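# Need a 3D model of the following:
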Amino acid sequence: MPVQDGALGHIVLNVADLKKSERFYRTVLGLKVSARNLRTKMTFLSYGREHHDIALMQLPKGTKAVSDKGVPKLHHFCIYVGSNKTIEDIYPVLKKRKIPIVSGPETLEVAGNRSISFLDPDGNRVELACNANKFQHDDREKAKRRNGGKR
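Predicted structure coming up:
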């Protein structure tokens with residue numbers, strides 16, 4: 001029987017430079033470090049609701065994630081934001097930091113939401129897309145107020 005009601009739990013990315021990738025995900029996407037595993041050379045990053053939304057795993061020196069032939073195994077992953085303004089506001093940040101923009105800001109033809117796609121330090125395509133409906137039903141703020149401002 002197929003899964004009837006699922007949700008994306010997290011994504012783990014192989015990275016060439018753990019510190020550089022961690023800095024990118026913290027400073028561009030606003031994720032916070034929730035844990036590190038020095039033995040396996042991993043950093044876990046979160047928006048606060050889950051232990052980690054994205055994990056980064058350091059590739060051994062000299063290892064390449066993708067060969068020169070073919071296409072990468074990961075096409076892209078998407079992070080939802082609550083407003084179109086977030087999409088518009090990140091555009092000049094990406095330009096200033098010379099982060100390669102793949103597409104956007106644009107309104108997507110099928111989904112009809114505002115979106116921008118760009119590359120992380122390892123060439124992984126990251127999409128930011130507005131999904132205000134998802135945030136409308138999000139209970140993090142209520143929980144934060146109940147806990148005296150703590151998540």
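# quick one, strands of this protein?
Secondary structure of the chain (DSSP state E): strands at 11-15, 32-37, 42-46, 54-58, 77-81, 101-107, 114-119, 125-130.
# Make a markdown table from the ones you listed and add distance to Pro92 and mean pLDDT to it.
The way it works is simple: take the backbone N, C-alpha and C, and place the C-beta from them, glycine included. Formatted as a markdown table, these follow (distance: least, Cβ to Cβ, whole Å; pLDDT from 0 to 100):
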| stretch | distance to Pro92 | mean pLDDT |
| --- | --- | --- |
| strand 11-15 | 25 | 89 |
| strand 32-37 | 23 | 94 |
| strand 42-46 | 23 | 94 |
| strand 54-58 | 23 | 91 |
| strand 77-81 | 16 | 89 |
| strand 101-107 | 11 | 94 |
| strand 114-119 | 11 | 92 |
| strand 125-130 | 14 | 90 |
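# what would the ones you listed look like in a markdown table with distance to Glu88?
What follows is the strands of the chain, written out as a markdown table (distance: least, Cβ to Cβ, whole Å):
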| stretch | distance to Glu88 |
| --- | --- |
| strand 11-15 | 25 |
| strand 32-37 | 23 |
| strand 42-46 | 24 |
| strand 54-58 | 23 |
| strand 77-81 | 11 |
| strand 101-107 | 6 |
| strand 114-119 | 8 |
| strand 125-130 | 10 |
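# Tabulate those strands (JSON lines), appending mean neighbour count and distance to Arg23.
Output for the strands of the chain, formatted as JSON lines (neighbours: other Cβ atoms under 10 Å; distance: least, Cβ to Cβ, whole Å):
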{"stretch": "strand 11-15", "mean neighbour count": "18", "distance to Arg23": "11"}
{"stretch": "strand 32-37", "mean neighbour count": "14", "distance to Arg23": "11"}
{"stretch": "strand 42-46", "mean neighbour count": "20", "distance to Arg23": "10"}
{"stretch": "strand 54-58", "mean neighbour count": "21", "distance to Arg23": "11"}
{"stretch": "strand 77-81", "mean neighbour count": "18", "distance to Arg23": "17"}
{"stretch": "strand 101-107", "mean neighbour count": "15", "distance to Arg23": "19"}
{"stretch": "strand 114-119", "mean neighbour count": "20", "distance to Arg23": "15"}
{"stretch": "strand 125-130", "mean neighbour count": "20", "distance to Arg23": "14"}
